[in-house]
Every structure is written in C-alpha cells, then in structure tokens.
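**Student:** Coordinates for the following, if possible.
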Amino acid sequence: MPAGGAKRWWLAALVWLSGAVLMPPTALADEVTLVDGSRIVGSNIRVADGTLKIDTAFAKNLAIPMDQVAGVTTDTPVAVDLPTGERYIGPLSSHAGGVSVNGSNGTTSVSMSDVARVWDPQGPSPEQQAAEAARPKWSGRFEAGVDGRTGNTERVTVQGGASATRSTPDDRLNFYVRGRYENQNGKRSANEVFGGAGYEYDLNTRTFVFAKFDLEYDEFEDLDLRATVLGGIGYFFIREDDQELKGRVGLGYRHESFGSGETTNEGVLSLGYDYWTQINSRTRFTHAGTFIPALGDLTDYTATLDTGLEFALSDDKAWKLRLGMRNEYDPKPAPGVGKLDTSYFANIAFDW
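**Tutor:** Below you'll find the model as predicted:
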C-alpha cells in the first residue's frame, strides 16, 4: 500500500475509533403512536387515571389523554393492568387496534381502551403506592429570631414558634404555638402567646370542612385569655403544586377575659383565607387573613393579617430565613391600648 494510502487508512481508523469511544451508546427509547398518526419518542411510559405520561427530550411528564393514544412500544418490560384486575408484564409492541404484551408466558393482545395502568414492575406497585400515599405523614417547623437596638433606645425582641402537621390525601391536622417578648429600656414592652389546633377534611378536591380552636394571651392588651372555637366550610380556589389559595367561612364561640376582671362570651362569624405561591425553587411568599366579628355586634371584631417571605438557606430546603409581619386590629380595645398592633419578624426556621 502506498505511504499516502496507509496514512489515510490509519486516519480513518482513528476517527472511527474515537467516535466509537466518545459517542454514547444508543439510548433505549419508548414510542407512543397517536390516533392522528403522530409519534412521540421518549422513556419511562406510565398510564394512570386515563392519562399516559412519557419523559421526552423537550418535556418531562408529558401528559397525553388515553383516548388520543393508538399504540405504545417499549424497549423494556412494563406492567399492564386491565380493569378486570388482570396483570401482564413484558415489553409492549403496537399493532392495529392496540398493543401486544410480550411476556414470559407468550404474547397477549390488548385493546388500548382496556389499558387501565402501565407502570414499572421494578418499582412499587400501584397498590403499594396507594398505601404509601394514604399513610399519615407528619411534618413540622421550629423557628426563632432575636432583634435588638442600642443607643438612644435599648431594645431586645425575642420571638418564635413551632408547628406540627399530620396529613393524608384527605385531611390535615395542625398544632401550633408562637410567642413574642420584648424588653425596651429595661422594661417589658411586649409579651404575647398564641396557640391552637385546626383540622380540615376534604369533601372533594375543592371543598373541605374545618374545625379550629385558638388561644391567645397578650399582657399589653390586658388580655388574660381569648379562646375561640370555630367550625365551617372552605373552598380551594387554587390548588396546584406551586400555588394554593383557599377561603373559609364558619361560625363559632369566643370567650374573652381581661385583667380588669371584665369577661365576654359571644357567638362569632369567621371569614378567612390562606395563600402561598412558590416564586422559585428557593423562595416562597405566604399571606393569610382572618376576620372574626361578634354575631350580636358586627362592629366588635378582631382582624389579623400575616405576610411572609421565605428563603431556603440549604440545598435540602430544611433551613430557611423567614421575613414578614403580623397585623392585629381590634376596634374596641381595652382602655389605654391601641387598636392596631403590628409586629415584624426575621426568623431562622427549620422544617422537618
């Protein structure tokens, strides 16, 4: 072979070898055929609740209604459940009118309209997933913050709280406690404690019923105890993975006792809302409001607004910086006490 030809041959071999080493192996691909003849290539096909989902290069969890699916082909075994309870495991291949499951016991043809679920047999079964989702889960938060000022005014404020929530797909049980203490120029200037519990049960995906029990003590409002019991109905106006807005209306009973010896007991109406939105992966905005007037005198009420902004400080999002304020308004306060009480906070929170 001439020297030039040998050189070209070695160059071609080197290019081919480099390509073989550097090029990734051909990825296994699943394929979905639609009723209009379109084809979608991806991976991790699963079917549930009348919807097929597939991960593609341009979209993860691409959702397709099953009535638009003509056929499915997979490179790896999948589990196929029929409405009758039958279950077949094997790779799928499309054919006119449906799919074939190529299992160890032979090939079974199935109409696409008879496919109830498709899932990865290497993972948990739908029954196991449903049991895990239904299992009650506990979560909670501890938070605390200290604020101070020196100079013309010596002031130290300590505030914090804790909460715990038990949740299932159908209900939520919450407990909370929080407090604020302030010392200004050597004298106590704020001392308040809140606590309570709440329960919500979903009647459907939008509507729920609730019950709440709240306790409050505020030394500088001359309030020894405010106990409120409420029950009513609520509605989710927005209920999405990254945003939620719910409103509620109810009736209840309120007891108040003051340092002066005065006490009140009355039926109350309750109106409220809770809103949060995930601004980005590390930032969340929260806002909530409650309006509770006495049934016998609607001008005798309490109103609160809570607004907060949370920033995740750790990659697992367990540690957060929480900034915000709380406004409490009482149009008929005790003598010598202002109608509006506003407090600000900058707390470090830990979620578990």
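
**Student:** Where does pLDDT dip in the stretch 51-200 of the chain?
**Tutor:** 149, 151-153 (pLDDT under 70).

**Student:** Could I get the full set of helices for it?
**Tutor:** 126-134 (DSSP state H, counting those that start in this stretch).

**Student:** What are the boundaries of the strands in it?
**Tutor:** With strands called from DSSP state E, counting those that start in this stretch, the stretch 51-200 of the chain shows them at 51-55, 62-65, 69-73, 78-81, 87-90, 92-95, 98-103, 106-111, 117-119, 137-149, 155-167, 171-184, 187-202.

**Student:** can you redo these as a markdown table with distance to Ser260 and mean neighbour count?
**Tutor:** Using the backbone N, CA and C atoms, a C-beta is placed for each residue, glycine as well. A markdown table is the format used below for the strands of the stretch 51-200 of the chain (distance: least, CB to CB, whole Å; neighbours: other CB atoms under 10 Å):
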| stretch | distance to Ser260 | mean neighbour count |
| --- | --- | --- |
| strand 51-55 | 63 | 17 |
| strand 62-65 | 62 | 12 |
| strand 69-73 | 72 | 21 |
| strand 78-81 | 69 | 22 |
| strand 87-90 | 72 | 18 |
| strand 92-95 | 77 | 18 |
| strand 98-103 | 78 | 20 |
| strand 106-111 | 77 | 13 |
| strand 117-119 | 66 | 19 |
| strand 137-149 | 31 | 14 |
| strand 155-167 | 27 | 17 |
| strand 171-184 | 23 | 16 |
| strand 187-202 | 17 | 16 |
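
**Student:** Reformat the ones you listed as CSV; add distance to Tyr344.
**Tutor:** Listed next are the strands of the stretch 51-200 of the chain as CSV, based on distance: least, CB to CB, whole Å:
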stretch, distance to Tyr344
strand 51-55, 45
strand 62-65, 43
strand 69-73, 55
strand 78-81, 55
strand 87-90, 58
strand 92-95, 59
strand 98-103, 61
strand 106-111, 62
strand 117-119, 50
strand 137-149, 8
strand 155-167, 9
strand 171-184, 10
strand 187-202, 12
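
**Student:** Quick check: which of those strands is nearest to Gly296?
**Tutor:** strand 187-202 (23.6 Å; CB to CB).

**Student:** Direction included, what does that closest one pair against?
**Tutor:** Note on strand 187-202: by DSSP bridges, its sheet partners are strand 171-184 (antiparallel), strand 207-218 (antiparallel).

**Student:** got those strands as TSV, with distance to Pro126 columns?
**Tutor:** Formatted as TSV, the strands paired with strand 187-202 follow (distance: least, CB to CB, whole Å):
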stretch	distance to Pro126
strand 171-184	22
strand 207-218	26
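
**Student:** Done for today, thanks.
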